[in-house]
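Colleague: Okay, sequence plus prediction incoming.
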Amino acid sequence: GLSASASQRLICNTFEALSHDGNSLLDVGSESLILSSSGKTLFAVTTHYEIHANARIDVRFYIKPSESLHNIPSLPRIGSSFVLRPSLCHISYFGRGPWENYPDRKSSARIGLWKSTPLEMHVDYIVPSENGNRTDCRWVCFLDDIGSGLMIVSNNEGLLCFSASLWSQEELHKAKHTSDLASRLNGKN
């Protein structure tokens, strides 16, 4: 069930729009199950979106692993994946950099304010795989040429990790060699 080659499924059990409380325009909640390819429940996920009039969106995920996962030594990485407009290719962040780093190998990366692009973050491994991660981030911005875009801020409960790529996880997973990846540039489709 947890191998990268197995396809997991997301089943949404409930979805509701709640009335606003004066601070937000809309509260949206969902409860979902993440199932293995064999149909076993891996995680129960509650997602809560609070949409504010000033364009801020607060997102909270509550993830509960199934009993069958309680005995494995470490849980797989859990996160969200977004597709952004290609024009949002100017990245700045406050976290560990300037090179790629992961929770288990980050001591050489310094905490600071860094700027990059998806192409600069890419690491050309012979066999393409996930790459370019940044850890211990307080915030990350994805901006276009005129400075408009999206800012993601960690909450008070922890820091965030992120990566930005010109290729989807599926494209990286399917490619056997870097030459299998379509040529792409920052800011282009």
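Modeller: Cool, got the structure.
Colleague: May I see the buried residues of stretch 151-160?
Modeller: Going by neighbour count (16 or more other CB atoms under 10 Å), the buried part of stretch 151-160 is 152, 154, 160. No exception for glycine: its C-beta is placed from N, CA and C like everyone else's.
Colleague: Over to stretch 81-96?
Modeller: Under the neighbour-count criterion of 16+ other CB under 10 Å, stretch 81-96 has 87-91, 93-96 buried.
Colleague: and the end-to-end length of it?
Modeller: The straight-line separation of the ends of stretch 81-96 (CA to CA, to the nearest Å) is 20 Å.
Colleague: mean confidence score for that stretch?
Modeller: When pLDDT is averaged along stretch 81-96, the result is 94.
Colleague: Kindly report the same for stretch 28-47.
Modeller: Throughout stretch 28-47, pLDDT has a mean value of 83.
Colleague: For that stretch, C-alpha coordinates in PDB please.
Modeller: Provided in PDB are the C-alpha atoms of stretch 28-47 (Å, rounded to 0.1, in the frame of the first residue of the first chain):
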ATOM      1  CA  VAL A  28     -15.500  24.800   4.000                       C
ATOM      2  CA  GLY A  29     -14.800  21.400   5.500                       C
ATOM      3  CA  SER A  30     -14.300  17.900   4.200                       C
ATOM      4  CA  GLU A  31     -13.600  14.500   5.600                       C
ATOM      5  CA  SER A  32     -11.800  12.000   3.300                       C
ATOM      6  CA  LEU A  33     -10.100   8.600   3.400                       C
ATOM      7  CA  ILE A  34      -6.900   7.900   1.600                       C
ATOM      8  CA  LEU A  35      -7.000   4.300   0.400                       C
ATOM      9  CA  SER A  36      -4.200   2.000  -0.800                       C
ATOM     10  CA  SER A  37      -4.500   0.400  -4.200                       C
ATOM     11  CA  SER A  38      -5.900  -2.700  -2.500                       C
ATOM     12  CA  GLY A  39      -8.700  -0.600  -0.900                       C
ATOM     13  CA  LYS A  40      -7.300  -0.500   2.700                       C
ATOM     14  CA  THR A  41      -7.800   2.700   4.600                       C
ATOM     15  CA  LEU A  42      -4.400   4.400   5.100                       C
ATOM     16  CA  PHE A  43      -5.400   7.800   6.500                       C
ATOM     17  CA  ALA A  44      -8.400   9.700   7.600                       C
ATOM     18  CA  VAL A  45      -8.100  13.300   6.500                       C
ATOM     19  CA  THR A  46     -10.100  16.300   7.700                       C
ATOM     20  CA  THR A  47      -9.500  19.500   5.700                       C
END
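Colleague: ok, of the buried residues of stretch 151-160, which one's closest to Val127?
Modeller: Leu160 (27.1 Å; CB to CB).
Colleague: The residue nearest to the closest one when sequence neighbours are not counted and Asp144: what is the separation?
Modeller: Counting by CB to CB, 6 or more residues apart in numbering, the nearest residue to Leu160 once its immediate chain neighbours are dropped is Ser154, at 4.4 Å. Separation of Ser154 from Asp144 (CB to CB, to the nearest Å) stands at 23 Å.
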